[in-house]
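K.L.:
Predicted model and sequence follow; I will ask about them next.
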Amino acid sequence: NSGPWAQVISVGLHYMLFNAHCRLYEGFIASIFISALSLSLLAGNAFVVSLALADLVVALYPYPLVLSAIFNDGWIAGYLHCQISGFLMGLSVIGSIFNITGIAINRYCYICHSLKYDKLFSNSNTMCYVVLVWVLTILAIVPNWFVESLQYDPRVYSCTFAQSVSSLYTITVVVVHFILPIGIVTYCYLRIWILVIQVRSRVKPDTRAKIKPHDIRNFLTMFVVFVLFAVCWAPLNFIGLAVALDSRLGTAIPEWLFTASYFMAYFNSCLNAVVYGVLNHNFRKEYKRIVLIIFRFHC
């Protein structure tokens, strides 16, 4: 068992994460749907809504069970709930990175291949892409049950992916679920940045390449979401990769470092709502309206 201070910190962090999810996403989900409608259901917003739902999954089922494990200093919900909790955490994480990848590809096509965009991302095609993202997400999680890698970890009071079960599987997970999507997103945003710089410096004055100010703002918002995801999830993924490549590192890595990287990773799910609230005018306006409604209701 962990020491009393570790337990206190875990309780505080999990409680803050749980409340942050519930409070932020109460407004975020409402804001995002209202903004999507006000923007005539632009194709890019479908992925944003999908990303918001992926972030919200962990607050609905896994977090209450984690809080229960903390207060009881152990998992008491049973094997089935442990598997479901671990599955939903994985669904949230992989769903997030796959949706971020979908958003990056969408923005890349919108800005760099604007003439083909309407055909590629019609409303019906976009819905198919979103469904495909979730099908791939589920397919990516299912192998965990065959490898039996969803286990309770007392260090973080959670049923989560056990990196030590199979070195080969852990390497595959890190590459397919993190490194490959990050590479695709990096390529898309790098091409967008290059085009933006060319247009701004009039190196490429083609009228087709003209970019509107709100396109830049939307791109910057999603770029910040991507950077935050990469920064928050990189430590945990690279710790897993290092241990998979050299099992001796498993005992050399301090427990506090693993725990910190774990909380840092799952804290990322709270950040997207903040990013949209700060950087996107439409969401910010809806946030204010919803907060006023809630304030009047409680008063």
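P.N.:
Good, I have the coordinates. Remember, it's a predicted structure, so these values are computed and weren't measured experimentally.

K.L.:
Would you mark the buried spots in stretch 106-119?
P.N.:
By 16 or more other Cβ atoms under 10 Å, the buried positions in stretch 106-119 come out as 106-112, 117. (Each C-beta comes from the backbone N, C-alpha and C, glycine too.)

K.L.:
gap between stretch 171-188 and the chain center?
P.N.:
13 Å (Cα atoms, centre = their mean, to the nearest Å).

K.L.:
CA-only coordinates of it, as CSV, when you get a sec.
P.N.:
This file holds the C-alpha atoms of stretch 171-188, laid out as CSV (Å, rounded to 0.1, in the frame of the first residue of the first chain):
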residue,chain,number,x,y,z
ILE,A,171,5.6,-1.5,-27.9
THR,A,172,2.8,-2.1,-30.4
VAL,A,173,0.4,-0.1,-28.3
VAL,A,174,2.8,2.9,-27.9
VAL,A,175,3.6,2.9,-31.7
VAL,A,176,0.0,2.5,-33.0
HIS,A,177,-1.9,4.5,-30.3
PHE,A,178,0.6,7.3,-29.8
ILE,A,179,3.7,7.6,-32.1
LEU,A,180,1.9,6.9,-35.4
PRO,A,181,-1.1,9.3,-34.8
ILE,A,182,1.3,12.0,-33.5
GLY,A,183,3.4,11.6,-36.6
ILE,A,184,0.3,12.0,-38.9
VAL,A,185,-0.9,15.1,-36.9
THR,A,186,2.6,16.6,-36.9
TYR,A,187,2.8,16.2,-40.7
CYS,A,188,-0.7,17.8,-41.2
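
K.L.:
Now do the host helix or strand of residue 260: which elements does it pack against?
P.N.:
Using DSSP states H and E, residue 260 falls within helix 255-279. When contacts are defined as 3 or more Cβ pairs under 8 Å, 6 or more residues apart in numbering; DSSP states H and E, helix 255-279 sits against helix 4-38, helix 43-60, helix 79-112, helix 213-245, helix 281-298.

K.L.:
Report the rounded mean pLDDT for the longest one.
P.N.:
Mean per-residue pLDDT for helix 4-38: 50.

K.L.:
And the fourth one, by the same measure?
P.N.:
Per-residue confidence for helix 213-245 averages out to 87 on the pLDDT scale.

K.L.:
Summarise which helices and strands the helix or strand just after that helix is packed against.
P.N.:
As assigned by DSSP H and E, the chain's next helix or strand after helix 213-245 is helix 249-252. Here helix 249-252 touches helix 213-245, going by 3+ Cβ pairs under 8 Å, 6+ apart.

K.L.:
For the helix it packs on, enumerate the helices and strands it packs against.
P.N.:
Using 3+ Cβ pairs under 8 Å, 6+ apart, helix 213-245 is in contact with helix 79-112, helix 167-174, helix 180-200, helix 249-252, helix 255-279.

K.L.:
just checking, what packs against the helix or strand following the longest one?
P.N.:
This points to helix 79-112. Next along the chain after helix 79-112, taking DSSP H and E as the criterion, comes helix 114-120. Applying 3+ Cβ pairs under 8 Å, 6+ apart, one finds that helix 114-120 contacts helix 79-112.

K.L.:
what residue is smack in the middle of this structure?
P.N.:
By Cα atoms, centre = their mean, the chain has its centre lying nearest to residue 96, at 3.4 Å.

K.L.:
can you tell me which residues contact it?
P.N.:
51, 54-55, 229, 268-269 (Cβ atoms under 8 Å, 6 or more residues apart in numbering).

K.L.:
Apply 7 Å and report the result again.
P.N.:
Counting by Cβ atoms under 7 Å, 6 or more residues apart in numbering, residue 96 touches 51, 54-55, 229.

K.L.:
which parts of the one helix or strand residue 133 maps to are buried?
P.N.:
Secondary structure assignment for residue 133, by DSSP H and E: helix 123-141. For helix 123-141, the neighbour count (16+ other Cβ under 10 Å) marks 126, 129-130, 133-134, 136-137, 140-141 as buried.

K.L.:
hey, C-alpha coordinates of the helix or strand that that helix is followed by in CSV?
P.N.:
Using DSSP H and E, the next helix or strand after helix 123-141 towards the C-terminus is helix 143-147. Taking C-alpha atoms only, helix 143-147 is exported to CSV below (Å, rounded to 0.1, in the frame of the first residue of the first chain):
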residue,chain,number,x,y,z
PRO,A,143,-6.8,-7.0,-27.9
ASN,A,144,-6.4,-5.9,-24.3
TRP,A,145,-8.8,-8.6,-23.2
PHE,A,146,-6.9,-11.4,-25.0
VAL,A,147,-3.6,-10.2,-23.6
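
K.L.:
Provide the contact partners of helix 143-147 at residue level.
P.N.:
90, 150, 161, 165-166, 169.
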